[in-house]
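**Student:** Show me the folded form of this:
(chains A and B, ligands or ions: 3)
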Amino acid sequence: MVAFSPETLSTAQRLIRRYPEGRQKSALIPILHLAQAEFGGWLSPETMDYVAELLSIKPIEVYEVASFYSMFNLTPTGTCVLEVCRTAPCWLKGSDDLVAHFEKRLGIKEGETTADGRFTLKTVECLGSCGSAPMLQCGHQYHENLTPEKADALLDELRQSGSRPVYVTPDFFRES
Amino acid sequence: MGRKLLFEHVNVEGIDTFGVYRQKGGYRSVEKAVKTMSPEAVVEEVKKSGLRGRGGAGFPTGMKWSFLAKPAGVPRYLVCNADESEPGTFKDRYLMEKMPHLLIEGMITSSFALGANTSYIYIRGEYFYLVRILERAIAEAYANGFLGKNILGTDYSLDLYVHPGAGAYICGEETALLESLEGKRGNPRMKPPFPAVAGLYACPTVVNNVETIAAVVPIVNDGGEAYAAVGVGKSTGTKLISAGGNIRKPGVYEIELGLPVEEFIYSDEYCGGIEDGLEMKACVPGGSSVPILPKDLMLKTAAGEARLMSYESLADGGFATGSMLGSGGFIVYDQRACIVRGTWTYARFYHHESCGQCSPCREGTGWMEKVLHRIEHGHGRMHDIDLLADIAKKIEGNTICPLGDAAAWPVSAAIRHFRDEFEYHIRFPERVKDPKHFHRAPFAGMPKATA
Ligand SMILES: Cc1cc2nc3c(=O)[nH]c(=O)nc-3n(C[C@H](O)[C@H](O)[C@H](O)COP(=O)(O)O)c2cc1C
Ligand code: SF4
Ligand code: FES
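**Tutor:** Ligands and ions are numbered 1, 2, ... in the order given. Below you'll find the model as predicted:
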């Protein structure tokens, strides 16, 4: 059964109290992030049902939202998702080459996951880092001003760490 | 050096902490407002300042504030728009990362002016590392009596919360943002009613951009008139410009409105000129939604006057020969850049980000992406150019929210100013097979595509 750790649960309850009485649904997106981070990087139907129950809303209200926003994954991904920005400002600085470089190094095409499940290569639209292009996001971390050397060093580092990069943890939110 | 109203201390070590920020004069506007001013007096200063919304539309902030309905017994909300997703724009990110307390101070002073006791900062989900930074800064403000019950011993109380989104450009549109904050899909609402009457939880609400809210701090500290004395004409104060693309010094610059565009691009104090000693071909001066201009029109208006970084000057000539200041996302293209490819990336972006409620936007953005894709990849037909222009025209003005217009304008403008380049792709499909077609031999040196 899906259930938050005590720490995440208490953060989730704190988040619900940030909105007026009866408006607990407002906490849905922040709590879905916590759920995705805690339950393997994607939102399974069970996870979404659990969140619905926590917020006392209908499961359909959760699916509706989860399917609208691009940060929510409705299917499993590789452990490290490399999100390479390719909108015009990044393209002007060589994002096409960066995508091609990763495709070559990882032996996959954009949108695919490596056979070992370690990396997913994804292209995304502007991440607000146009002045430090080309760039990618992995977890909450921005990797900017990338060169082929820096890209390779990042792959090595991620391979060695072995764990899923953090994108949010309960302690991102303050205590009160 | 231009005057800095927001970023005077941006490079001070530790300015992201409460202690250093306070030592540099931070939170004075809160003290002044809650202890010595009425909310109406704060609104009055903002009106006098001439401040215009920094999120893109440039609507006068004081006027927006004065529209806020104030029915008795109904809460009012201030919501900060930190969704920043307009391609080319990264100024709010820089401000929040470097000076989180500046935004928090602005939120407290502005919330006081509007009579809001609960306020939210809606921030794009991809900026999660900033959620942590803001949360810590907010905790410091609470600990020092600037947030919470009875701020600085007065009877004014305010709670301030950060709320992450989850990846949707459309949530930058203010009514979509409010839907999202209510835990729903980010579908823009029909207006009226406007948020000033029925916004968050159907209560009167003001939505303002991060930079707009930060600008309230110098306005309250030094007075609206002092703010209005900076800048030019109706473009008062300073503006944060996030400059990227093919320039030597990309970054976020605080400029006095009225700075000549030429100085901004070529001076070492700002962009430092074009990289690799190349020529500038074109520029998108205000984020991906605004019309692209070729170099000549970027530097000088059609009437031959120097183009200035101001709302009026950038728009001089209308869409025929002008553009817009927009969000201040300044994107410079050098001579190697292919306008068709750049425009295709925008069309793809808007198609991806359309919420799908209105058919002209949902379908039209898809068609524009498809047609641009085929022209760029050497499969275009001559009538595709007029087809594109026609689709853009049919989207414009026929949608619930301005995303439709924002998708149409870049396409119309690219055709308006670079029709030759579109024709070139169609006439010489073999020459555009390599995605870097203009890299090896700059367009200027290639056979001219004339009819
Ligand atoms: C599609 C779309 C996206 C927008 N994105 C943003 C944004 O990311 N940040 C922002 O401040 N305003 C954005 N706006 C403008 C807002 O709707 C609104 O006008 C603004 O937040 C008002 O604040 P201001 O008056 O302080 O500029 C967007 C508008 C549209 C139509
Ligand atoms: S114009 Fe586009 S984004 Fe805006 S409401 Fe219509 S479909 Fe949605
Ligand atoms: S275009 Fe890539 S971060 Fe803005």
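**Student:** only C-alpha atoms for contact and neighbour calcs from this point on.
**Tutor:** Will do.
**Student:** Quick check: residue B:281 touching residue B:338?
**Tutor:** No: in this structure, residue B:281 is not within contact of residue B:338 by Cα atoms under 8 Å, at 9.5 Å.
**Student:** More neighbours: which of these two?
**Tutor:** residue B:338 (24 against 21; other Cα atoms under 10 Å in any protein chain shown).
**Student:** Check the contact between the more buried one and residue B:434; I expect there is one.
**Tutor:** No: counting by Cα under 8 Å, residue B:338 stays clear of residue B:434, with 11.5 Å between them.
**Student:** Which residue comes closest to residue B:393 once chain neighbours are left out?
**Tutor:** residue B:408 (7.0 Å; Cα to Cα, 6 or more residues apart in numbering or on different chains).
**Student:** SS state for that neighbour?
**Tutor:** helix (DSSP: H, G, I helix; E, B strand; the rest coil).
**Student:** and if you look at the one 5 residues further on?
**Tutor:** With three-state DSSP as the basis, residue B:413 sits in helix.
**Student:** Then residue B:16?
**Tutor:** Residue B:16 ends up coil, using three-state DSSP.
**Student:** Near the residue lying closest to it once chain neighbours are set aside, how many residues? Count them for me, please.
**Tutor:** Nearest non-adjacent residue to residue B:16, counting by Cα to Cα, 6+ apart: residue B:99, 5.1 Å away. The number of residues packed near residue B:99 is 27, by other Cα under 10 Å.
**Student:** Identify the residues contacting residue B:99.
**Tutor:** Listed by Cα atoms under 8 Å, 6 or more residues apart in numbering or on different chains, the contact set of residue B:99 reads B:10, B:15, B:16.
**Student:** My guess is the first one contacts residue B:97. True?
**Tutor:** It refers to residue B:10. No: the criterion here is Cα under 8 Å, and residue B:10 misses it with residue B:97 at 10.2 Å.
**Student:** Quick check: closest non-adjacent residue to residue 67.
**Tutor:** Since no chain was named, I'll use chain A. The shortest distance from residue A:67 to any non-neighbouring residue, by Cα to Cα, 6+ apart, is to residue A:74 (7.3 Å).
**Student:** To clarify, I was referring to chain B.
**Tutor:** Nearest residue to residue B:67 in three dimensions, chain neighbours excluded: residue B:196, at 6.2 Å (Cα to Cα, 6+ apart).
**Student:** Residue 82 bridge partners, please.
**Tutor:** You didn't pick a chain, so chain A it is. Under DSSP bridges, the beta-bridge partners of residue A:82 are residue A:121.
**Student:** my question was about chain B
**Tutor:** residue B:123.
**Student:** Quick one: end-to-end length of stretch B:328-338, please.
**Tutor:** Its first and final residues considered, stretch B:328-338 spans 22 Å by Cα to Cα, to the nearest Å.
**Student:** what packs against the longest helix along chain A?
**Tutor:** In chain A, assigned by DSSP state H, the helix with the most residues is helix A:148-161. Helix A:148-161 is packed against helix A:95-106, with contacts defined by 3 or more Cα pairs under 8 Å, 6 or more residues apart in numbering or on different chains; DSSP states H and E.
**Student:** List the buried residues in the helix it packs on.
**Tutor:** A:95, A:96, A:98, A:99, A:101, A:102, A:103, A:106 (16 or more other Cα atoms under 10 Å in any protein chain shown).
**Student:** ok, residue 92 - contacts?
**Tutor:** By default, I'm working from chain A. B:245, B:246, B:333, B:337.
**Student:** Hmm, no, I was thinking of chain B.
**Tutor:** Residues near residue B:92 by Cα under 8 Å, 6+ apart: B:82, B:84, B:210, B:211.
**Student:** confidence score at the most far-flung residue of chain A relative to its centre?
**Tutor:** Ranking residues of chain A by C-alpha distance from their mean position (Cα atoms, centre = their mean) puts residue A:21 at the top, at 29.6 Å. If you check residue A:21, the pLDDT there is 96.
**Student:** right, and the secondary structure at it would be what?
**Tutor:** Going by three-state DSSP: residue A:21 is coil.
**Student:** Quick one: residues contacting it.
**Tutor:** Residue A:21 touches nothing, counting by Cα under 8 Å, 6+ apart.
**Student:** now it: how far from residue A:113?
**Tutor:** Computed as Cα to Cα, the residue A:21 to residue A:113 distance reads 43 Å.
**Student:** Please report how far residue B:349 lies from residue A:175.
**Tutor:** 37 Å.
**Student:** When these two are compared, which one has more neighbours?
**Tutor:** Set residue B:349 next to residue A:175 and count neighbours by other Cα under 10 Å: residue B:349 wins out with 25 against 13.
**Student:** C-terminal to the helix or strand containing the more buried one, what's the next element?
**Tutor:** Per DSSP states H and E, residue B:349 falls inside helix B:339-353. Going down the chain from helix B:339-353, the next helix or strand is helix B:359-376, by DSSP H and E.
**Student:** And that next one, what's buried?
**Tutor:** By neighbour count with 16+ other Cα under 10 Å, helix B:359-376 contains the buried residues B:360-362, B:364-376.
**Student:** and if you look at stretch A:17-29?
**Tutor:** A:18, A:19, A:24, A:25, A:26, A:27, A:28, A:29.
**Student:** just stretch B:213-222 next, same as before
**Tutor:** For stretch B:213-222, a neighbour-count test (16+ other Cα under 10 Å) marks B:213, B:214, B:215, B:216, B:217, B:218, B:219, B:220, B:221 as buried.
**Student:** and the residue nearest in space to the middle of chain B, what does it touch?
**Tutor:** Centroid-nearest residue in chain B: residue B:327, 2.3 Å away (criterion: Cα atoms, centre = their mean). Contacts of residue B:327 were listed using Cα under 8 Å, 6+ apart, and they are B:54, B:55, B:56, B:57, B:86, B:89, B:241, B:286, B:287.
**Student:** Could I get the buried residue list for the longest helix of chain A?
**Tutor:** Neighbour-count burial for helix A:148-161, counted by 16+ other Cα under 10 Å, picks out A:151, A:155, A:158.
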